[in-house]
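Asker: My questions concern the predicted model and sequence given below.
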Amino acid sequence: MRFTTIIAFVVALIAPAIAQQPDPGVTLRARLVLDGKGQVLRNTVVSVRDGKIIRVGGTSGDATYDLGALTLLPGMIDTHVHIGWHFDAKGRYHSGPEPAEQAALYGAENAFVTLMAGFTTVQSVGAMSDKPLRDAIARGVLPGPRLLSSLGQVSNPKMTPDEIRADIRQKKAAGADLIKIFASASIRDGGVPTLSQEQLDAACGEARAQGLRSMVHAHSPESMQRAANARCTVVEHGGLASPEALRALADAGVYFDPNIGLVTQNYLENKTRFLGIGNYTEEGFAAMAKALGLKDAMFSAALRTSGLKMVMGTDAVAGAHGQNAREPIERVKSGQPPMDAIVGMTSLAAASMGLEAITGSITAGLAADLVAVDGNPLEDITALQRVRFVMKDGKIYKR
């Protein structure tokens, strides 16, 4: 792990220098282009200048980069990660305080592998240590995905509504991009509701008043219904969701991110690295395994809920960074049409994060966040794991 940290440090130093700044008029041609909004384009040229897409269309002339049979699509988006979570030098989940420079290097490493996996935008919820990483990536001195962060969370069920509002104002002042709210316990602790309707109304209402979005951790139907009533922005997990709770989200226009393809599987695969730390107990792992067995029924019910806006987030934690594409792959295996899964991790995800005017689709005027994969994900969704080309803001990081 020490060697990995050194490698991450070296990469962080040299990657901005080796990332190519495209010349004016750079063009990319691909036989198949998925625009992120549900459209399929063939033998199409995408023109890029000054970090932006300036034109989509046309087939004549030489291209700067001919991607051949690769499929071009917008940079992928993960709406829910924990970019700083990592295993320590002993291979165990690190949950306590650590030197700032160590936290920064692990975060930089996770950001780099996420970018190399084709994810050009992520939303991390949420630790204060995200802030220097977010800002360094935005300055262009570190290679990584565009990063938004909650810089913490609202999780104390003993807080009064007024205390919750004050806490959210403090997070806004600290530079948070959104507010993360725990409205239920972890699935390891049964997923029971932890915030009242009044508390959740205060949290999501104050977030709106501050011009921020609200992301709600909610497993139980009751907590999901309360989030719908409070008009929060997005509900995460929903491991114990009922059809009625899903209907409430759809009717309220609340986005839903079910996290069925990576986070629990990663915990179970790395059980020995987490076991014995906090609520990572044998009972907690049994609860996660049980919830994993319920995911197909829950996700099927979500797919049947008309008007439900499902975005793609993984809840990537230690051990999961760079494997983000496992989430859409599992969703397609569980019945979601491939195009819907791709839209959910591009344009719809961008809209849920307030970034639709910046990224999320191959559209003139948006950032040149572009990836190319080996294969056609509409026919074989696992192509999303075979990323061969990555461009973010017009800079090429993988080719």
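Answerer: Yep, that arrived.
Asker: if I look at the most centrally placed residue in the chain, how far off is residue 57?
Answerer: Centre of the chain computed as the mean C-alpha position; nearest residue by C-alpha atoms, centre = their mean is residue 78, 1.9 Å away. Residue 78 sits 29 Å away from residue 57 when distances are taken as C-beta to C-beta, to the nearest Å. Bear in mind the C-beta positions are built from the backbone N, C-alpha and C, glycine included.
Asker: burial of residue 286, as a residue count?
Answerer: The local packing count at residue 286 equals 11, with neighbours defined by other C-beta atoms under 10 Å.
Asker: Could you report the pLDDT at it?
Answerer: According to the per-residue confidence, residue 286 scores 95 in pLDDT.
Asker: wait, is it part of a strand?
Answerer: No. Using DSSP: H, G, I helix; E, B strand; the rest coil, the secondary structure at residue 286 is helix, not a strand.
Asker: In contact with it: list those residues for me.
Answerer: Taking C-beta atoms under 8 Å, 6 or more residues apart in numbering as the definition of contact, residue 286 has no neighbours.
Asker: so where's the stretch 1-150 of the chain shaky on pLDDT?
Answerer: Filtered on pLDDT under 70, the stretch 1-150 of the chain yields the residue ranges 1-24, 59-60.
Asker: Tell me which stretches of it form strands.
Answerer: 26-34, 40-49, 52-56, 65-66, 71-74, 76-81, 119-124, 146-149 (DSSP state E, counting those that start in this stretch).
Asker: Would you mind giving the domain segments of this protein?
Answerer: Domains of the chain are assigned by automatic domain parsing as 2-74+359-398, 76-352.
Asker: hey, which of those domains is tucked in deepest?
Answerer: For the domains of the chain, average neighbour numbers computed from mean count of other C-beta atoms under 10 Å are highest in domain 76-352, which has a mean of 21.
Asker: Can you check the distance spanned by that domain, start to finish?
Answerer: The stretch domain 76-352 measures 14 Å between its terminal residues, going by C-alpha to C-alpha, to the nearest Å.
Asker: now do stretch 301-312
Answerer: 17 Å.
Asker: what about the helices in the stretch 251-399 of the chain?
Answerer: Under the criterion DSSP state H, counting those that start in this stretch, the stretch 251-399 of the chain carries helices at the ranges 263-269, 271-274, 282-303, 326-333, 338-344, 347-352.
Asker: Is it possible to get a markdown table of those helices that adds distance to residue 197?
Answerer: Shown next, in a markdown table, are these (distance: least, C-beta to C-beta, whole Å):
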| stretch | distance to residue 197 |
| --- | --- |
| helix 263-269 | 27 |
| helix 271-274 | 33 |
| helix 282-303 | 23 |
| helix 326-333 | 30 |
| helix 338-344 | 29 |
| helix 347-352 | 23 |
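Asker: Nearest approach to residue 207 belongs to which of the ones you listed?
Answerer: Go through the helices of the stretch 251-399 of the chain one by one with C-beta to C-beta and the one that ends up closest to residue 207 is helix 347-352, at 14.0 Å.
Asker: gap between that closest one and the chain center?
Answerer: How far helix 347-352 lies from its chain's middle: 11 Å, per C-alpha atoms, centre = their mean, to the nearest Å.
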